[in-house]
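A.B. asks: Just a sequence and a predicted model for now, questions to come.
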Amino acid sequence: MSPAPSPHVSARSGRDERVRQAFAPEASQVFAARHFAAGVLEHWGLVCEDLPLLVSELATNAVLHARSDFEVTVARADHRVRVEVFDQNTRLPSFAVVPPDAYSGRGLTLLQELTSAWGVESHSDLGKTIWFELELHPDEAGSATAGG
């Protein structure tokens, strides 16, 4: 059982919840970000099998490409979970053409294939946020309503 998350900011408004935590641009922080997101879901009584993998992909991108502190936000509302990863690099991500045996370069493809929605928001000279949303199945959405 994962410990309850220790977020920097936690806000609850009705059925909406948002939790965020900052991480350093170090490889070990990819696991920490994944663990944080999984812990938030567990705390809420939710199961989203793809969410930890997708958080790992975006955290890895922040560490390897942005090389800046990054912040992971996990939010839920009604029948969906939204994750945002903010980093301080203004360069927007792009799809890579990778050979089948490559070990990396598929993060955006995974986002496209596994999420119900995703996108990128540019913040001028401050950086960018890559976000994705996952729809909850009816039994998971019920847990979200009852388990907060």
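C.D. replies: Received it, and whenever you're ready, just let me know what you need.

A.B. asks: give me the low-pLDDT residue ranges for the protein?
C.D. replies: 1-16, 92, 94-107, 137-148 (pLDDT under 70).

A.B. asks: Just give me the neighbour total for the nearest residue to residue 68 once chain neighbours are set aside.
C.D. replies: Excluding its sequence neighbours, the residue lying closest to residue 68 (C-beta to C-beta, 6 or more residues apart in numbering) is residue 88, at 3.6 Å. C-beta coordinates here come from the backbone N, C-alpha and C atoms, glycine included. Neighbourhood size, residue 88 [other C-beta atoms under 10 Å]: 17.

A.B. asks: Show the contacting residues for residue 93.
C.D. replies: For residue 93, the contact set (C-beta atoms under 8 Å, 6 or more residues apart in numbering) comprises 61, 65, 107, 108, 120, 130.

A.B. asks: So which residues of this structure form strands?
C.D. replies: 9-13, 16-23, 70-77, 80-87, 117-122, 128-135 (DSSP state E).

A.B. asks: So which elements touch the fifth one?
C.D. replies: It refers to strand 117-122. Under the contact criterion of 3 or more C-beta pairs under 8 Å, 6 or more residues apart in numbering; DSSP states H and E, strand 117-122 touches strand 128-135.
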